[in-house]
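>>> fold the stuff below for me.
(one chain, ligands or ions: 1)
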Amino acid sequence: METPVTGPRGDGYNEALLHKTILVGDSGVGKTSLLVQFDQGKFIPGSFSATVGIGFTNKVVAVDGVKVKLQIWDTAGQERFRSVTHAYYRDAQALLLLYDITSKMSFDNIRAWLTEIHEYAQKDVVIMLLGNKADVSSERAVRTEEGASLAREYGVPFMETSAKTGMNVELAFLAIAKELKQRAGQPLDEPHFQIHQYIEAQKKKSSCCAFS
Ligand SMILES: Nc1nc2c(ncn2[C@@H]2O[C@H](COP(=O)(O)OP(=O)(O)OP(=O)(O)O)[C@@H](O)[C@H]2O)c(=O)[nH]1
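I've put the predicted structure just below:
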């Protein structure tokens, strides 16, 4: 379900469709940091201040030259806010589910998160699994293949990200925006766009070119 955006701006923003996207995952996995990196291109290191409740940021991304507006909801990972955040799942078109690659527990909790998502979200919600904090390789507790294998089991796209370095952050949101644009019946430049293949191709492209 897309909500047309209305407002005073005359830059095409008004005509963009609004797609609700929610960031979920355990407390401390980096949801707020990922959103700040995507929205402002920066990482604020230092003390961790847990999100209280829920808040959103609007971000317009260009997909094939067309504006797609993502309304990105940042939820609190702490258990005590869970009943509040469940209420927001229902309207979401996309869910970015994060774990922290340095925290086995946050990875082990992904199955429970997926159970909740399947209980409260729409059946056709786009889900993407993200293993965040990929820059902290010395403390890695979850192998990339474990993340990929879990994602395959649930049929969802997967990538590792770093809110600190920005690795794959834009790619994650752009892939979601493309998928949502396509679902809204708006054509893409790639006529056979598939989110899984798109992500794999982009990841290959960046690893190929980073070393060439
Ligand atoms: N090195 C590194 N640190 C990160 C990364 N992402 C987040 N952090 C750090 O991890 C801590 C928690 O990040 P948050 O973004 O607040 O986590 P959250 O998931 O929003 O937490 P809640 O609001 O409690 O749900 C902070 O100290 C961040 O600086 C990352 O990609 N790399």
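>>> where exactly do the helices run in the protein?
Under the criterion DSSP state H, the chain contains helices at 31-40, 82-89, 104-108, 110-120, 144-154, 169-183, 195-210.
>>> quick one, which of those helices gets closest to the ligand.
Closest approach to the ligand among the helices of the chain (CB to the nearest ligand atom): helix 31-40, 3.4 Å. No exception for glycine: its C-beta is placed from N, CA and C like everyone else's.
>>> distance of the residue sitting nearest the centre point of the chain from the ligand?
With distances taken as CA atoms, centre = their mean, the residue of the chain nearest its centroid is L96 (3.4 Å). For L96, the distance to the ligand (CB to the nearest ligand atom, to the nearest Å) stands at 11 Å.
>>> pLDDT score for that residue?
On pLDDT, L96 comes in at 97.
>>> enumerate every residue touching it.
21-24, 34, 128, 130, 172, 176 (CB atoms under 8 Å, 6 or more residues apart in numbering).
>>> which phi and psi does G185 have?
phi 90, psi 10 (degrees, to the nearest 10).
>>> burial measure for it, as a count.
A count of nearby residues for G185, using other CB atoms under 10 Å, gives 8.
>>> wait, doesn't M105 sit right on D26?
Yes. At 7.3 Å, M105 and D26 qualify as touching, with contact defined as CB atoms under 8 Å.
>>> mind listing what's buried along stretch 38-58?
For stretch 38-58, a neighbour-count test (16 or more other CB atoms under 10 Å) marks 38, 43, 51, 54, 56-57 as buried.
>>> still on that earlier bit, using CSV, lay out the helices of the chain together with distance to the ligand and mean pLDDT.
Shown next, in CSV, are the helices of the chain (distance: least, CB to the nearest ligand atom, whole Å; pLDDT from 0 to 100):
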stretch, distance to the ligand, mean pLDDT
helix 31-40, 3, 95
helix 82-89, 10, 81
helix 104-108, 9, 98
helix 110-120, 12, 95
helix 144-154, 14, 97
helix 169-183, 9, 93
helix 195-210, 17, 79
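>>> got a list of what the nearest residue to V136 once chain neighbours are set aside touches?
Once flanking residues are discounted, V136 sits nearest to T102: 5.2 Å by CB to CB, 6 or more residues apart in numbering. Residues in contact with T102, defined by CB under 8 Å, 6+ apart, are 133, 136, 139-142.
>>> and T102, backbone torsions?
The phi and psi torsions at T102 (degrees, to the nearest 10) take the values phi -100, psi 0.
>>> can you read off the pLDDT for it?
So T102 comes in at 98 (pLDDT).
>>> hmm, which two among the contacts of T102 are most spread apart?
Spatially, the most separated pair among the contacts of T102 is V136 and V142, at 11.3 Å (CB to CB).
>>> who's more crowded, those two?
Remark: of V136 and V142, V142 carries more neighbours, 22 against 14, as counted by other CB under 10 Å.
>>> apart from its neighbours in sequence, what residue is nearest F158?
A151 (3.3 Å).
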